[in-house]
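Participant: got a structure for you, letters missing:
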């Protein structure tokens, strides 16, 4: 298969349950080594938001949340716990759409998503009904920390994508998307590049980090808790030292679907 | 790496330029064999819409299109060739949004997308400015044909996803999505499945075919013409004989973003 283009994705399966305060890079490096795996230059690690948030202690006990009148009112309309709705509002710039069982917001990071990405399942071994997990404060910074920690552990230069599962407009089903990146351009701008016949492509800006996030999600499978780290090997990506996931957010003035 | 979960993606690179009337299954099988590759039970083939459409002769010369008054009017507003706009309208159920340089429609297949998926680049070696490529008439049928043809060629049972690159609401960049499937469930419904702690997940219907389409798109890279077929090996998918991509289309009454 020498001339064949190929990608390999693999996932360590011995990562322990992540706890607040854990050194996530160290846990991932240990899990890889325990399974006789290592990282190579050019690998991209896709890491589930859930374990990043947990390691950063982004847990809130619902019992500690006091809902405002606004949250109480909205909670009735969307059929959710008012304390959860309060957390969602606290994490959001604005409510984009709501109806029974659905609450779509613009997260303070700019992402339009359901429930501000707050997760109530698989959060803790105990009291999971009572504990909410928020997104990392700054997922790009989280990604940079992982990039530095894992790069040092294996002496290599890797890209990192932190992924989450988002619903979409128009299409059913969630897909993995990037909420944080490090080292790797989140968008691949082909505008102006000539196609095979020298004709210039009109508009082909590819959401590379989102496609990596989706590919990682395939291997994470139904529980990103069980397989929360995926290594993608063989992908030709564009290094970008100051990469962020912000470029994936469509600016409001260009968004026809707010 | 015996206990490691892994996925392998590979792409034959000797596929000839596809022409109208070509037997696409035969071309793909020949390319794989030429490169000493074969298919195995459980492989998923991701095939670019462009070569499917070309093999099915879905080409229209713009010179043969006579725009209606409606197309002429809309073309002025979106700054596109009125003949192209006519083709877009002919392929669509309705216009969803438009403004200068942007025309988003509900395709007759139900997908909400820009320009009804009509492609003007990389279409033909000559006259590419003058020829448009429409989506396949029935991409699920196209996928079934590929599944049957390739299954017979290698004596195996494979899944097929036909992918295209779509823009999204809220996020910049295109990503690969499924417009046709065969043999493989397009959605993986985890609703009601217990999570690791026995707690029931509230709503986790995964757009599996879209994630496969995005993963394939990573390897197709900037030109699905050069690498239009990707084999995904090692993914555990749900066989579904009567699978279609229709399930990926959110029914209008449930779509808050029309």
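Facilitator: Arrived safely. No experiment lies behind these values; they were computed from the predicted model shown.
Participant: please count neighbours and contacts with C-alpha atoms only from this point.
Facilitator: OK.
Participant: what segments of the stretch 51-200 of chain A are strands?
Facilitator: A:59-61, A:92-99, A:102-107, A:112-114, A:131-133, A:159-166, A:175-182, A:188-189 (DSSP state E, counting those that start in this stretch).
Participant: could I get the ones you listed as a markdown table with distance to residue B:234, mean neighbour count and mean pLDDT?
Facilitator: Below are these laid out as a markdown table (distance: least, C-alpha to C-alpha, whole Å; neighbours: other C-alpha atoms under 10 Å in any protein chain shown; pLDDT from 0 to 100):
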| stretch | distance to residue B:234 | mean neighbour count | mean pLDDT |
| --- | --- | --- | --- |
| strand A:59-61 | 35 | 16 | 94 |
| strand A:92-99 | 38 | 17 | 96 |
| strand A:102-107 | 35 | 22 | 96 |
| strand A:112-114 | 30 | 24 | 96 |
| strand A:131-133 | 31 | 22 | 93 |
| strand A:159-166 | 21 | 28 | 97 |
| strand A:175-182 | 19 | 29 | 98 |
| strand A:188-189 | 27 | 18 | 84 |
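Participant: how about these in a markdown table, adding distance to chain B?
Facilitator: Below are the strands of the stretch 51-200 of chain A laid out as a markdown table (distance: least, C-alpha to the nearest C-alpha, whole Å):
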| stretch | distance to chain B |
| --- | --- |
| strand A:59-61 | 17 |
| strand A:92-99 | 7 |
| strand A:102-107 | 9 |
| strand A:112-114 | 6 |
| strand A:131-133 | 13 |
| strand A:159-166 | 8 |
| strand A:175-182 | 6 |
| strand A:188-189 | 8 |
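Participant: tell me which of those sits nearest to residue A:28.
Facilitator: strand A:159-166 (12.6 Å; C-alpha to C-alpha).
Participant: quick check: closest non-adjacent residue to the residue positioned nearest the centre of chain A.
Facilitator: Centroid-nearest residue in chain A: residue A:163, 2.2 Å away (criterion: C-alpha atoms, centre = their mean). Once flanking residues are discounted, residue A:163 sits nearest to residue A:178: 4.5 Å by C-alpha to C-alpha, 6 or more residues apart in numbering or on different chains.
Participant: surely that neighbour is in contact with residue A:143?
Facilitator: No: Residue A:178 lies out of contact with residue A:143 (C-alpha atoms under 8 Å); the separation is 10.6 Å.
Participant: shared neighbours, those two?
Facilitator: A:161, A:162 (C-alpha atoms under 8 Å, 6 or more residues apart in numbering or on different chains).
Participant: hang on, the earlier thing: now do the contacts for the residue nearest to the centre of chain A.
Facilitator: A:46, A:47, A:48, A:49, A:176, A:177, A:178, A:179, A:180, A:213, A:214, A:217.
Participant: can you give the strand pairings for the helix or strand bottoming out on mean pLDDT in chain A, parallel or anti for each?
Facilitator: Across the helices and strands of chain A, mean pLDDT, DSSP states H and E gives its lowest value to strand A:188-189, namely a mean of 84. If you go by DSSP bridges, strand A:188-189 pairs up with strand A:205-206 (antiparallel).
Participant: tell me the helix or strand right after the strand it pairs with.
Facilitator: helix A:208-220 (DSSP states H and E).
Participant: next secondary structure element downstream of that following helix?
Facilitator: strand A:229-233.
Participant: ok, the residue nearest to residue A:163 - contacts?
Facilitator: Counting by C-alpha under 8 Å, 6+ apart, residue A:178 has contacts A:161, A:162, A:163, A:164, A:209, A:210, A:212, A:213, A:245.
Participant: repeat the analysis, applying 6 Å as the threshold.
Facilitator: A:162, A:163, A:209, A:210, A:213 (C-alpha atoms under 6 Å, 6 or more residues apart in numbering or on different chains).
Participant: in JSON lines, list these along with distance to residue B:54.
Facilitator: Below are the contacts of residue A:178 laid out as JSON lines (distance: C-alpha to C-alpha, whole Å):
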{"residue": "A:162", "distance to residue B:54": "37"}
{"residue": "A:163", "distance to residue B:54": "35"}
{"residue": "A:209", "distance to residue B:54": "29"}
{"residue": "A:210", "distance to residue B:54": "28"}
{"residue": "A:213", "distance to residue B:54": "30"}
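Participant: so where is chain A shaky, pLDDT-wise?
Facilitator: A:1-4, A:121-129, A:191-203, A:222-225 (pLDDT under 70).
Participant: tell me the helices and strands packed up against the longest helix that it contains.
Facilitator: For chain A, the longest helix by residue count, based on DSSP state H, is helix A:139-154. Helix A:139-154 sits against helix A:24-34, strand A:175-182, with contacts defined as 3 or more C-alpha pairs under 6 Å, 6 or more residues apart in numbering or on different chains; DSSP states H and E.
Participant: roughly how far is the shortest one from the heart of the chain?
Facilitator: This points to strand A:175-182. 4 Å (C-alpha atoms, centre = their mean, to the nearest Å).
Participant: partner strands of that strand and their direction?
Facilitator: strand A:159-166 (antiparallel).
Participant: the strand it pairs with vs strand A:229-233, what angle?
Facilitator: Strand A:159-166 and strand A:229-233 meet at an angle of 130 degrees, taking axes from the mean of the first three to the mean of the last three C-alpha atoms, to 10 degrees as the criterion.
Participant: what's the closest non-adjacent residue to residue A:241?
Facilitator: Computed as C-alpha to C-alpha, 6+ apart, the closest residue to residue A:241 that is not its neighbour in sequence is residue A:183, at 4.9 Å.
Participant: the one you found contacts residue A:238, doesn't it?
Facilitator: No: using C-alpha atoms under 6 Å as the test, residue A:183 is too far from residue A:238 to be in contact (8.4 Å).
Participant: please say which of the two ends up with more neighbours.
Facilitator: residue A:183 (24 against 16; other C-alpha atoms under 10 Å in any protein chain shown).
Participant: show me what contacts residue A:206?
Facilitator: Contacts of residue A:206 by C-alpha under 6 Å, 6+ apart are A:187, A:188, B:173, B:174.
Participant: could I get those in JSON lines, plus columns for distance to residue B:138?
Facilitator: Output for the contacts of residue A:206, formatted as JSON lines (distance: C-alpha to C-alpha, whole Å):
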{"residue": "A:187", "distance to residue B:138": "31"}
{"residue": "A:188", "distance to residue B:138": "30"}
{"residue": "B:173", "distance to residue B:138": "26"}
{"residue": "B:174", "distance to residue B:138": "22"}
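Participant: mark which of those residues are buried, thanks.
Facilitator: A:187, A:188, B:173, B:174 (16 or more other C-alpha atoms under 10 Å in any protein chain shown).
Participant: nearest to residue B:65, of the residues you listed?
Facilitator: Nearest member of those to residue B:65, counting by C-alpha to C-alpha, is residue B:174, at 28.3 Å.
Participant: please report the distance of the closest one from residue A:46.
Facilitator: Between residue B:174 and residue A:46 the computed distance is 19 Å (C-alpha to C-alpha, to the nearest Å).
Participant: so what sits opposite the spatially closest residue to residue A:188 that is not a sequence neighbour in the bridge?
Facilitator: Closest residue to residue A:188 apart from its sequence neighbours, by C-alpha to C-alpha, 6+ apart: residue A:206 at 5.0 Å. When bridges are called by DSSP bridges, residue A:206 pairs up with residue A:188, residue B:174.
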